[in-house]
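**Q** Next come a sequence and a model predicted from it.
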Amino acid sequence: MNKNKLSEEGKKWVAKDIITDDQLEQILGLYKKKDANYIIILFAVLLTGIGILTFIMSDWARVPHFSRVLVIIGAFIGLYMVGDFLHRKRSELMGISFIILGYIVFGAGMLLTISIYSVEIYSAWPFIIWSLVGLALYFVYEHKLIFVLGMIVTTVGQFYNGLEFGSFNWIIWIVLLVGYLHFVYHHANYLFGYLFGISISLQMIVLVMANQQEYYWLVLYFLIFYLVAGLLPKESLKISLKYTSLISIFIFSMYETFFLQEEFWHGNIEHQLSFIILWGVLIVAGLIIKIRTKNTIETIDLLLFLPIFYLPFSSLVSLISMFLFSLLWLLIGYRKEDNEKVLLGTVAFLLTTFTAYIQFAWDAMNKSLFFLVGGLLLFILSFFLERQRRSMLETNKGGEE
Amino acid sequence: MMKRILFYSILVIQVVVVGVIGWQYYLVEDFGMEIKLLREKPELGKYVPYYEYGNMHVDYEINAIDEDKWEAPDSIHYKEKVYVLLEEGDDGIYHVVRASDKKLEEDSGQVVLKARYRYSADHIKKYYVDYGIEDIRNGEDYRYLDAEKQWIVTVKIAPWGQKRIINIEN
């Protein structure tokens, strides 16, 4: 909660004799005032980082001469040393910014050296080194920003490997699953959880594309991701990873709906038996887990993981499963008065409606009418959903008094 | 204390990584094995090197591999690694013996180069690969060469696989 708001509210509580003045002070003491400087420094790092990257693309830097290498090495040693000094003696945040700049110069400089000396690489090993250095730096300084950057480098590395060499890099995958997961797990928080989840989903896409598997294998990978996320013991990780896996499969379903609508593609899909066997095993395992952990209501999540492309009228079935999923989430959200579920259900419902709308109306309608009607449709929907949510909040309040 | 040691060690590792990537380029000249390659005589405007941002693009004879020397499966995809076995001919120039997606053994007078698959030209029964020496960064230095004639390019191959162009003769 915002500290100012809290102190305002707190005064009312003191006036009503709910808490004493001392207690209010103690409570306020728990909320450190956020460093306003934070944003400025963040932008400073961002701009300087972009400056460095553009410099590296310049003509001067792209000459194969050892002086370039020395300049790069000098630059990152300097930045690291200054950062380390500031971190220990002055401001922690300033120190971290310099460390991060050093980290960026190192990675970009390494890629530049590889490029100017025409070093032939056959895998994304520079990104592996870059990612591991990030991990080690996080271990030393334990600052979130370093971790976020390291995770981005890892994910970009996997994409680079997929695009440039047409293959999935298992070492990067292991670095993520062993190295990064270690900290994601032990320093469990929502930011790390969501970032980790996004990285996993994106890397799974590379896995499917690079190995030229049929696109629907993603369903299986996301399902594994979803089931494993549900088994994690820490609440923050469980929730963040489960939501990322659900969001991934939902976006995938939207894409699939359009994809399957085109007869042309549908004819080209090879229906592999191995997929359906593995899928069956996983779904049964999932159901058993849900029932044994007394989460039977969560079985509706599995609706999104149905192998729709095996069915006739698959694009329609896909839409129906998305509608069912979002409506059930909404219903359960209202029933359990779980605001988060209601929000996600609402968004899912709106997106599904929009998908269906685009699918059926895009070709049939005049384009301006299309957007106009679409917009109005969303207005009406959001009006009803909002009214529903408000009435839920009111009944909530009514219950308390 | 342990974290301080770790900080300095990762600093050293980073210096070594960037330093070695740069330094090895200069070591190629001392430790590399010298081979001569042919840039074929251009056929009517074809293969004339083009210049772009100071780079010069050169197509070598060994970029095109005949179908009967090609041993990689058809499932090979773009940019996949290919091993190409070269042998010194009577003219002192290295020519392709065979190419495969699996590692190849080399005899004396032979050398294996790593390449990346580009595409196949079925109508002339040839497969095309890249060796990473097609784009010459200091291309402007070679402006004096007669593009209409055949070139002989001297390349050094380091034991660790890197290649460096030493000289180009007309």
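**A** Received it, and whenever you're ready, just let me know what you need.
**Q** Point to the residue nearest the middle of chain A.
**A** A:Ile198 (3.3 Å; Cα atoms, centre = their mean).
**Q** leaving aside the residues next to it on the chain, what's closest to that residue?
**A** Closest residue to A:Ile198 apart from its sequence neighbours, by Cβ to Cβ, 6 or more residues apart in numbering or on different chains: A:Thr244 at 6.0 Å. Yep, even glycine has a C-beta here, placed from its N, CA and C like the rest.
**Q** before we move on, which element is the one you found in?
**A** A:Thr244 belongs to helix A:235-261 when assigned by DSSP states H and E.
**Q** Check which helices and strands the longest helix seen in chain A is in contact with.
**A** Counting by DSSP state H, the longest helix found in chain A is helix A:367-400. Judged by 3 or more Cβ pairs under 8 Å, 6 or more residues apart in numbering or on different chains; DSSP states H and E, the packing partners of helix A:367-400 are helix A:314-336, helix A:339-361.
**Q** what about those helices, which gets the closest to chain B?
**A** Chain B lies closest, by Cβ to the nearest Cβ, to one member of the helices and strands packed on helix A:367-400: helix A:314-336, at 28.6 Å.
**Q** buried ones in the closest one?
**A** Of the residues in helix A:314-336, A:314-323, A:325-326, A:328-330, A:332-334 count as buried by neighbour count, 16 or more other Cβ atoms under 10 Å in any protein chain shown.
**Q** Enumerate every residue touching residue 99.
**A** No chain was given, so I picked chain A. Residues near A:Ile99 by Cβ atoms under 8 Å, 6 or more residues apart in numbering or on different chains: A:79-80, A:83-84, A:87, A:137, A:141, A:143, A:146.
**Q** Sorry, I should have been clearer: chain B.
**A** Residues counted as contacts of B:Ala99 (Cβ under 8 Å, 6+ apart) are B:65, B:69-72, B:82-85, B:115, B:127, B:129.
**Q** quick one: which of these is nearest chain A?
**A** B:Ala115 (9.1 Å).
**Q** Could you list the low-confidence segments of chain B?
**A** Along chain B, segments meeting pLDDT under 70 span B:41-54.
**Q** Next, name the residue at the spatial heart of it.
**A** Closest-to-mean residue, chain B, Cα atoms, centre = their mean: B:Tyr131 / 3.3 Å.
**Q** For stretch A:225-239, which residues meet the burial criterion?
**A** A:225-227, A:229-230, A:232, A:236-239.
**Q** for it, what is the average pLDDT?
**A** Stretch A:225-239 shows a mean pLDDT of 87.
**Q** Can you get me the start-to-end distance on it?
**A** In stretch A:225-239, first residue to last residue: 12 Å (Cα to Cα, to the nearest Å).
**Q** which element follows the helix or strand bottoming out on mean pLDDT in chain A toward the C-terminus?
**A** When the helices and strands of chain A are scored by mean pLDDT, DSSP states H and E, helix A:263-268 comes last with a mean of 60. Downstream of helix A:263-268, the next assigned helix or strand under DSSP H and E is helix A:273-292.
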